[in-house]
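Enquirer: just coords:
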């Protein structure tokens with residue numbers, strides 16, 4: 001009985017001692033942790049001391065800690081936002097213009113040819129290529145035939161000889177109209193547009209005032225605005241820059257006695273308000289066959305005006321003077337041998353008679369009658385009716401008879 005009582009008492013004392021030891025250890029650890037926190041709080045960095053240590057005692061007192069805590073809570077309550085740029089620093093580009101400043105080398109990112117507004121090439125559901133200014137310079141391209149020489153699905157005078165007929169037989173369209181003697185996708189000549197507006201193909205394309213060339217293949221009338229089966233070439237002309245002055249002068253010569261000069265001047269008259277750009281080109285093309293020649297003299301004047309932050313007005317005027325006596329691109333054809341073999345026939349429109357082998361035939365009334373027309377003479381035009389012009393006694397006379 002005494003043994004059990006002593007054992008129970010001993011167990012109770014041992015448990016009480018363990019509990020007291022654990023409490024003491026916990027209390028000691030708490031005191032150490034509190035002391036450490038206080039030490040860290042009272043030994044801040046130099047910047048914090050300079051701001052909150054008012055009495056300059058090298059530590060933060062309770063009132064100074066309270067001030068620091070209040071500032072920290074206030075800073076945490078304010079949301080962090082990025083400052084919006086001032087309106088004067090925001091530049092909004094027109095959706096109807098393409099800025100070539102984003103072009104990198106031969107890679108262009110935007111075009112007008114797809115939708116007639118500034119659109120990303122990757123968003124265009126059509127075959128559209130953009131020839132950048134850098135590519136035009138590197139390939140020494142001057143006209144549309146130089147450009148087509150390096151593009152996909154296009155043929156110019158370097159790869160294709162365009163023949164047409166005007167009623168008198170085949171006609172050399174390369175010599176007559178080099179700008180229109182091309183094919184896109186092997187179907188038809190390209191439509192020509194300038195800044196999205198349809199232009200005449202008889203006006204030659206010249207890169208002296210061009211910042212980029214956009215080629216839209218296929219009809220794509222819903223995209224390009226015109227519906228030729230071949231495609232459309234849209235020329236993006238230079239614009240006057242409102243912020244910088246530039247001067248460019250180029251010259252070139254070739255082995256066929258040809259030469260060319262170009263000048264491009266851009267001047268802001270009132271910075272960010274009014275700018276003027278003048279471009280000029282003079283060229284004389286040389287040919288192997290002499291005295292063939294093609295002389296071009298043209299100038300472009302561009303004015304840009306920005307009366308309000310979101311309003312841009314641009315106007316341009318171009319003057320062109322071209323004189324050409326181009327060489328034929330087709331093989332010469334011999335029609336004299338056949339004419340001589342058939343008696344060298346001639347036609348006298350005054351007496352309305354044919355002469356064959358020196359013998360005058362009886363007058364006829366219908367020149368379109370093939371039974372009476374000798375071989376070697378053809379009528380002019382599908383109806384055989386042409387206004388005839390001749391010089392007699394120093395005067396120009398006309399005859400509209402058949």
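Expert: Right, received. Where do you want to start? All figures in this text were calculated on a predicted structure; none of them were measured in a lab.
Enquirer: now for the closest residue in space to residue 249 that isn't next to it in sequence: which residues touch it?
Expert: Spatial nearest neighbour of residue 249, excluding adjacent residues (Cβ to Cβ, 6 or more residues apart in numbering): residue 263 at 5.4 Å. C-beta: built from backbone N, CA, C; applies to glycine. With contact set as Cβ atoms under 8 Å, 6 or more residues apart in numbering, residue 263 has these partners: 248, 249, 278, 279, 280, 281.
Enquirer: tabulate the residues you listed (JSON lines), appending secondary structure.
Expert: Below are these laid out as JSON lines (DSSP: H, G, I helix; E, B strand; the rest coil):
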{"residue": "248", "secondary structure": "strand"}
{"residue": "249", "secondary structure": "strand"}
{"residue": "278", "secondary structure": "strand"}
{"residue": "279", "secondary structure": "strand"}
{"residue": "280", "secondary structure": "strand"}
{"residue": "281", "secondary structure": "strand"}
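Enquirer: by neighbours, which of these wins?
Expert: residue 279 (23 neighbours; other Cβ atoms under 10 Å).
Enquirer: wait, that one touches residue 210, no?
Expert: No: contact criterion Cβ atoms under 8 Å: residue 279 and residue 210 do not qualify, at 9.3 Å.
Enquirer: okay, and the common contacts of those two?
Expert: Counting by Cβ under 8 Å, 6+ apart, the residues touching both residue 279 and residue 210 are residue 238.
Enquirer: now residue 146: which helix or strand?
Expert: Residue 146 is located in helix 144-148, with elements delineated by DSSP states H and E.
Enquirer: not counting its own residues, what contacts that helix?
Expert: Counting by Cβ under 8 Å, 6+ apart, 131, 136, 139-141, 154-159, 178-179, 181-182, 190, 192, 204-205, 213, 233 sit against helix 144-148.
Enquirer: helices - which of those land there?
Expert: residue 136 (DSSP state H).
Enquirer: now, of the contacts of helix 144-148, which are buried?
Expert: 131, 136, 141, 154-157, 178-179, 181-182, 190, 192, 204-205, 213, 233 (16 or more other Cβ atoms under 10 Å).
Enquirer: where along this protein do the helices fall?
Expert: Under DSSP H, the chain gives helices at 2-42, 46-52, 62-77, 133-138, 144-148, 173-176, 221-224, 336-341.
Enquirer: between those, which gets the lowest average pLDDT?
Expert: Across the helices of the chain, helix 2-42 has the smallest mean pLDDT, namely a mean of 45.
Enquirer: re the thing from before, now, the contacts of helix 144-148 that are in strands?
Expert: 131, 154, 155, 192, 213, 233 (DSSP state E).
Enquirer: now for the third one: which residues touch it?
Expert: Shown in contact with residue 155 (Cβ under 8 Å, 6+ apart): 148, 182, 183, 184, 186.
Enquirer: so can I have CSV of those residues showing distance to residue 352?
Expert: Shown next, in CSV, are the contacts of residue 155 (distance: Cβ to Cβ, whole Å):
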residue, distance to residue 352
148, 49
182, 44
183, 44
184, 48
186, 47
